[in-house]
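1. heads up, no residue letters with this:
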């Protein structure tokens with residue numbers, strides 16, 4: 001198990017208020033609906049929070065709320081993205097700017113018993129997991145990342161400070177003014193080497209200058225590859241990983257292929273749905289095997305397995321596939337589900353169990369990311 005997957009996704013963070021209610025006049029379209037790779041920028045921001053362990057978020061809409069129809073649930077409704085519970089709220093006073101959206105989100109989460117909260121503007125690139133953890137541990141009224149003197153997002157607010165915001169007049173209040181008015185021991189800048197912490201994506205030019213880097217940073221899953229020889233215990237290791245992930249409440253999906261019959265000379269292989277435990281027969285030993293073709297595969301099960309992999313890419317935190325072998329090296333087997341275009345992919349991490357003799361052929365086919373060997 002890559003340690004940081006379990007470490008990051010198991011962290012308990014305060015809920016996130018994501019501000020997406022502005023007019024986006026300079027950008028010319030809602031910023032949350034800009035596309036980084038195959039993912040709406042709104043989901044890139046939410047996934048940065050998920051990757052740090054975040055489990056509860058609310059998107060605050062205002063102007064252009066109707067343009068998010070079909071992308072987000074209806075206002076007042078909730079959906080899930082991996083193990084993230086996501087709500088959508090409407091700021092009734094968007095003309096008063098971001099502070100009124102912060103008030104909308106604080107009211108929502110404080111009423112649900114939140115101890116502290118984060119807020120972030122949708123046009124501010126969000127930092128890696130370790131910065132979220134450091135912010136959440138700050139025992140101050142407000143904490144925020146800082147790079148070369150530039151303040152970034154997310155902004156951590158203590159419960160007491162968040163409560164103090166609710167009665168303030170939104171037409172006369174700005175968060176930066178409140179930040180600067182806090183005593184030095186009540187606010188904490190958290191130094192970071194994350195260069196985009198000070199960026200603000202307001203114009204098409206600013207977006208274009210960073211779009212490829214944004215896609216690389218936020219839109220693509222991280223891929224880990226476990227390599228081993230045939231019958232070297234790869235599936236047993238994968239099963240242990242699945243158990244650890246599920247025990248930690250991390251939504252995990254995909255396909256594994258346990259053998260049946262003799263461990264050293266199996267009669268065949270099953271395809272097992274990681275999410276539900278459902279199994280189907282994938283392959284049986286041929287009665288009269290030919291050279292290099294010992295097993296007869298069930299094409300219907302291949303199709304079913306590919307559907308399960310695609311579904312995990314759309315709904316899970318972690319995708320697991322065991323195993324990647326000769327067929328995938330030839331472009332068959334599970335590979336079509338791994339190379340298919342999936343918009344707004346939910347899976348943050350892939351863990352692929354791969355036959356050593358197939359790894360070199362499979363890696364180039366996963367052209368959007370370089371796998372890390374584990």
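-> Structure's in. What do you need? Since this is a predicted model, take the numbers as computed values, not measurements.
2. wait, isn't residue 23 in contact with residue 63?
-> Yes: in terms of C-beta atoms under 8 Å, residue 23 counts as a neighbour of residue 63; the distance is 4.7 Å. Heads up, the C-betas are built off the backbone N, CA and C, glycines and all.
3. of the two, who's got more company?
-> residue 63 (16 against 12; other C-beta atoms under 10 Å).
4. can you tell me the helix or strand for residue 296?
-> In the assignment (DSSP states H and E), residue 296 maps to strand 293-297.
5. Tell me the helix or strand right after that strand.
-> Following strand 293-297 in sequence, per DSSP H and E, is helix 299-315.
6. Counting by contacts, list what that following helix packs against.
-> strand 252-256, strand 266-273, strand 279-290, strand 318-324, helix 335-339 (3 or more C-beta pairs under 8 Å, 6 or more residues apart in numbering; DSSP states H and E).
7. Of the ones you listed, which is nearest residue 131?
-> strand 318-324 (21.8 Å; C-beta to C-beta).
8. which residues are in contact with the closest one?
-> 5, 9, 221, 225, 234-235, 238, 241-242, 245, 250-257, 274, 309, 312-313, 333-335, 338, 347-355, 358-359, 362 (C-beta atoms under 8 Å, 6 or more residues apart in numbering).
9. quick revisit: out of the helices and strands packed on helix 299-315, which is closest to residue 101?
-> strand 318-324 (31.6 Å).
10. The closest one versus strand 252-256: what angle between them?
-> Counting by axes from the mean of the first three to the mean of the last three C-alpha atoms, to 10 degrees, strand 318-324 points 10 degrees away from the direction of strand 252-256.
11. Report the buried residues of the following helix or strand past strand 318-324.
-> Scanning forward in sequence from strand 318-324 by DSSP H and E, the next helix or strand is helix 326-329. For helix 326-329, the buried set under the neighbour-count rule, 16 or more other C-beta atoms under 10 Å, comprises 328-329.
12. Does anything pack onto helix 326-329? Which helices or strands?
-> So helix 326-329, by 3+ C-beta pairs under 8 Å, 6+ apart, packs with helix 335-339, helix 356-362.
13. What's the mean pLDDT across the last one?
-> In this model, helix 356-362 carries a mean pLDDT of 76.
14. Report the distance from that helix to the chain centre.
-> Its chain's C-alpha centre and that of helix 356-362 lie 27 Å apart, by C-alpha atoms, centre = their mean, to the nearest Å.
15. again with the first one
-> On the basis of C-alpha atoms, centre = their mean, the separation between the geometric centre of helix 335-339 and that of its chain is 19 Å.
16. same question, stretch 98-109
-> Per C-alpha atoms, centre = their mean, the centroid offset for stretch 98-109 relative to its chain is 24 Å.
17. Residue ranges of each domain in the protein, please.
-> Domain segmentation of the chain under automatic domain parsing yields 3-219, 222-373.
18. still on that earlier bit, which of the helices and strands packed on helix 299-315 comes out lowest on mean pLDDT?
-> strand 279-290 - the lowest mean pLDDT of these, at a mean of 85.
19. Identify all contacting residues around it.
-> So strand 279-290 is contacted by 257, 261, 266-273, 293-298, 301-302, 304-305 (C-beta under 8 Å, 6+ apart).
20. and those, which are buried?
-> For these, a neighbour count by 16+ other C-beta under 10 Å gives the buried set as 257, 266, 268-273, 297-298, 301-302, 304-305.
21. The closest residue to residue 82 other than its chain neighbours: neighbouring residues, count only.
-> Of all residues not flanking residue 82 in the chain, residue 317 sits nearest, at 3.9 Å (C-beta to C-beta, 6 or more residues apart in numbering). By other C-beta under 10 Å, the residues close to residue 317 number 25.
22. Phi, psi for residue 317 please.
-> Phi and psi for residue 317, reported as degrees, to the nearest 10, are phi -90, psi -40.
23. Same question for residue 55.
-> phi -130, psi -10.
24. got the contact list for it?
-> Contacts of residue 55 (C-beta under 8 Å, 6+ apart): 12-13, 83-85, 249.
25. okay, these in TSV with distance to residue 190, pLDDT and neighbour count next?
-> Below are the contacts of residue 55 laid out as TSV (distance: C-beta to C-beta, whole Å; pLDDT from 0 to 100; neighbours: other C-beta atoms under 10 Å):
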residue	distance to residue 190	pLDDT	neighbour count
12	18	90	9
13	14	96	22
83	25	95	20
84	23	96	19
85	26	96	15
249	26	91	12
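26. Residue 333 versus residue 323, what's the distance?
-> Taking C-beta to C-beta, to the nearest Å as the measure, residue 323 and residue 333 are separated by 9 Å.
27. next one: residue 198
-> 45 Å.
28. between these two, which one's more packed in?
-> Legend: neighbour count by other C-beta under 10 Å for residue 198 and residue 333, higher for residue 333 (24 against 18).
29. So the more buried one lies in a helix, does it not?
-> No: assigned with DSSP: H, G, I helix; E, B strand; the rest coil, residue 333 falls outside any helix and is coil.
30. residue ranges for the helices of the stretch 151-300 of the chain, please.
-> 159-165, 175-181, 204-214, 234-247, 299-315 (DSSP state H, counting those that start in this stretch).
31. got the buried residues for the first one?
-> If I follow you right, that is helix 159-165. Buried residues in helix 159-165 (16+ other C-beta under 10 Å): 159, 161-162, 165.
32. how about the residue nearest to residue 116 when sequence neighbours are not counted, secondary structure?
-> Spatial nearest neighbour of residue 116, excluding adjacent residues (C-beta to C-beta, 6+ apart): residue 14 at 4.3 Å. State at residue 14, reduced to three classes by three-state DSSP: coil.
33. confidence score at residue 14?
-> For residue 14, the predicted pLDDT is 97.
34. do residue 262 as well
-> pLDDT, residue 262: 83.
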